[in-house]
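Peer 1: have a look at this prediction, sequence included:
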Amino acid sequence: MRLALLVALASTTAVQSWADDNRTPVIVELFTSEGCSSCPPADELLARLDKSQPVANARVIALEEHVDYWNQLGWPDRFSSPLYRARQNDYAQSFKTENIYTPQMVVNGRAEFNGSDSGRASQEIERAAASNPSYALRLQPERNGKDPAVTELVVMVKSLREGKLQPADVYLAVTESRLASNVLHGENAGRMLRHAPVVRSFGVIGNIEARPFQEVGLKSTLKFPEEWKRENLHAVVFVQDRASHRITGAAMIDLH
C-alpha cells in the first residue's frame, strides 16, 4: 500500500452527509490466535457482534487481530503479525496492566476484558456509543482507471468540536470476512476455525496535531494480494488519541 499524507482542505460538506445512519461507530478489537484453545468462543462472539449488531445505537466495526506469540507452540497462525503484539503492548501500558493475553477484547480503546465475555462486550459497546465522537469520517473508494487491481481510497476527517485538538493518529485497517482455517496442530488441532473480519493490513496513514481545523483529507493507494478476495474486503479508518489510545471517530466501507 502506498499512503498519502494528510492535507488541509476547506470545509464545504454539510454535517448530515457524513453518516449513513444515526448509529455511532464503535471499534471492537479482538486479540486472538488460531493456536489458542480459549480463543474460538471469542472469535465467535466477535462474529456475532459484527453480524447481528445487537446494540441499537452502535455500529460495531469488528477487527480480529491475530498475535504471533502463539506461533511457536505447534501451529503457525497464517494471519498473525508482530504488529498486533506491539499494539497489545501499547494498550497494556495505557490500561496499566502487566501482561498481554488472548483472547482480549478492546472497545474503542477505552476498556479491555476477556474476549469471551458477551455481557461485558455489550455493556462497553453501549457505553462507547453513548459518548460523542470528536470526529466524523467519510470514505470513498475509487477504482484506478489504468489498473483495475488498484483502489484509491479517499478519506475525509471532519472535526466535530471547536478549539485545539489532542494529537492523534489516523489508522487504516483492511479486513477480510469469511475466512476459515483447518487447524492441524497445536491446541486447536482437528478444528475448523471460522473468523470474524480479520485484519489483513494495518497502519498509520496520517496525523492530527494539537491545532484547530475543520476538515482534513488524504488518499491511499491500495493494491491487494491475489489471494485476498475483493468481495470480502473492507476499509476501516479510525482516529486514535496518541496519549490515551482512545478512539474518537471511525468509519468503514466495502472495497468490492
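Peer 2: Nice, I can see it.
Peer 1: buried ones in stretch 166-183?
Peer 2: 168-177, 179, 181, 183 (16 or more other Cβ atoms under 10 Å). Bear in mind the C-beta positions are built from the backbone N, C-alpha and C, glycine included.
Peer 1: dump the residues you listed to TSV, plus distance to residue 52 and pLDDT.
Peer 2: Listed next are the buried residues of stretch 166-183 as TSV, based on distance: Cβ to Cβ, whole Å; pLDDT from 0 to 100:
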residue	distance to residue 52	pLDDT
168	30	94
169	30	95
170	29	96
171	25	97
172	26	98
173	21	98
174	23	97
175	17	98
176	20	98
177	14	98
179	19	98
181	23	97
183	26	97
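Peer 1: helices of the stretch 1-150 of the chain, start to end?
Peer 2: 40-52, 82-95, 118-130 (DSSP state H, counting those that start in this stretch).
Peer 1: next, the contact list for the closest residue to residue 249 other than its chain neighbours, please.
Peer 2: In space, and not counting its chain neighbours, residue 249 is closest to residue 135: 2.9 Å by Cβ to Cβ, 6 or more residues apart in numbering. Residue 135 is in contact with 157-160, 239, 248-249, counting by Cβ atoms under 8 Å, 6 or more residues apart in numbering.
Peer 1: adding mean neighbour count, mean pLDDT and distance to residue 221, write the helices of the stretch 1-150 of the chain out as TSV.
Peer 2: Shown next, in TSV, are those (neighbours: other Cβ atoms under 10 Å; pLDDT from 0 to 100; distance: least, Cβ to Cβ, whole Å):
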stretch	mean neighbour count	mean pLDDT	distance to residue 221
helix 40-52	19	98	27
helix 82-95	16	97	20
helix 118-130	18	97	31
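Peer 1: want to try CSV for those, with distance to residue 111 as columns?
Peer 2: Output for the helices of the stretch 1-150 of the chain, formatted as CSV (distance: least, Cβ to Cβ, whole Å):
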stretch, distance to residue 111
helix 40-52, 14
helix 82-95, 8
helix 118-130, 5
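Peer 1: out of the ones you listed, nearest to residue 205?
Peer 2: Of all those, helix 82-95 sits nearest to residue 205, with 14.2 Å by Cβ to Cβ.
Peer 1: helices or strands up against the closest one?
Peer 2: Helices and strands touching helix 82-95, by 3 or more Cβ pairs under 8 Å, 6 or more residues apart in numbering; DSSP states H and E, are strand 24-32, strand 58-66, strand 198-208.
Peer 1: now the angle from that helix to strand 24-32?
Peer 2: 110 degrees (axes from the mean of the first three to the mean of the last three Cα atoms, to 10 degrees).
Peer 1: what score does residue 12 have for pLDDT?
Peer 2: You'll see residue 12 listed with a pLDDT of 33.
Peer 1: can you check residue 98 too?
Peer 2: Model confidence at residue 98 (pLDDT) stands at 87.
Peer 1: when you give positions from now on, start the count at 450
Peer 2: Fine by me, first position is 450 from now on; the one you just mentioned is residue 547.
Peer 1: spatially nearest residue to it, not counting backbone neighbours?
Peer 2: Using Cβ to Cβ, 6+ apart, the closest residue to residue 547 is residue 541 (7.3 Å).
Peer 1: what does residue 629 give?
Peer 2: residue 643 (4.5 Å).
Peer 1: any idea of the mean pLDDT for stretch 639-659?
Peer 2: On average, stretch 639-659 scores 94.
Peer 1: from the chain's centre, how far out does that stretch sit?
Peer 2: 5 Å (Cα atoms, centre = their mean, to the nearest Å).
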